[in-house]
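Colleague: coordinates only, sequence not included:
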Ligand code: GDP
Ligand code: MG
């Protein structure tokens, strides 16, 4: 087992924010505009004396809806081929979209460990919404706030248990 963790998910769910928090850099571009991170970004994360690699898979360009969906799907497939563990980020405020269902199916078929992360759980009132994510068939949703760091320590503990 290697040690590459891939962060995948729809534009704007907070992949780059989480990447920057894990790697303690501002390397990945965080933006309100969907599709801003153009390149795959690799970094290192250290937690409890262990180190692993992280990739932010936000590297797509939005031209049309077709290109958009196809590009994201491609990124997810690349991630399943190179990663040892996938963090599948969803936005707890958006709920589950059709696209999330498609990606969940790709991830389930890839037969590699996946942690389903319900991001933007900024405070307790959001926690109820996480139950909707069970329908993705990827186990317990893990609520975090990449922005405030809430839950990210527990998430890192879980990552290290799997790697
Ligand atoms: P990406 O497209 O998936 O890489 O998403 P970004 O990391 O660029 O974030 C998209 C937007 O969501 C930005 O405005 C972030 O500040 C915001 N964001 C990211 N994580 C959180 C979070 O935990 N809570 C809230 N409220 N906003 C967040
Ligand atoms: Mg990004």
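Modeller: Sure thing, it's come through. For clarity, every value in this text was computed on a predicted model and none was experimentally measured. Ligands and ions are numbered 1, 2, ... in the order given.
Colleague: For the helix or strand bottoming out on mean pLDDT in the chain, what is the distance to the chain centroid?
Modeller: Here the helix or strand of the chain ranked lowest by mean pLDDT, DSSP states H and E is helix 65-82, holding a mean of 76. Here helix 65-82 shows a centroid-to-chain-centroid distance of 13 Å under the convention C-alpha atoms, centre = their mean, to the nearest Å.
Colleague: What residues of it count as buried?
Modeller: Buried positions in helix 65-82, judged by neighbour count with 16 or more other C-beta atoms under 10 Å: 68, 71-72, 75-76, 78-80. Every C-beta, even on glycine, is put in place using the N, C-alpha and C of the backbone.
Colleague: And stretch 90-99, by the same measure?
Modeller: 90-92, 96.
Colleague: so how far is it off the chain centroid?
Modeller: Per C-alpha atoms, centre = their mean, the centroid offset for stretch 90-99 relative to its chain is 12 Å.
Colleague: Quick one: end-to-end length of it, please.
Modeller: 11 Å (C-alpha to C-alpha, to the nearest Å).
Colleague: Other residues contacting that stretch?
Modeller: Stretch 90-99 has contacts (C-beta atoms under 8 Å, 6 or more residues apart in numbering) with 9-10, 12-14, 69, 72, 100, 116-121, 126, 129-130, 132-133, 135-136, 141, 143.
Colleague: Buried only: go through those residues for me.
Modeller: Members of the contacts of stretch 90-99 classed as buried by 16+ other C-beta under 10 Å are 9-10, 12-14, 72, 100, 116-121, 126, 129-130, 133, 136, 141, 143.
Colleague: before we move on, back to that, and which of the buried residues of stretch 90-99 is nearest to ligand 1?
Modeller: Nearest to ligand 1 among those: residue 91, at 7.9 Å, using C-beta to the nearest ligand atom.
Colleague: how about the closest residue to that closest one other than its chain neighbours, what does it touch?
Modeller: What sits nearest to residue 91 in space, not counting adjacent residues and going by C-beta to C-beta, 6 or more residues apart in numbering, is residue 13, at 4.6 Å. Contacts for residue 13 were tallied using C-beta under 8 Å, 6+ apart; they are 89-91, 94, 119-120.
Colleague: Just give me the least confident of those.
Modeller: Lowest pLDDT of the contacts of residue 13: residue 94, 85.
Colleague: Next, that one: secondary structure please.
Modeller: Three-state call for residue 94 (DSSP: H, G, I helix; E, B strand; the rest coil): coil.
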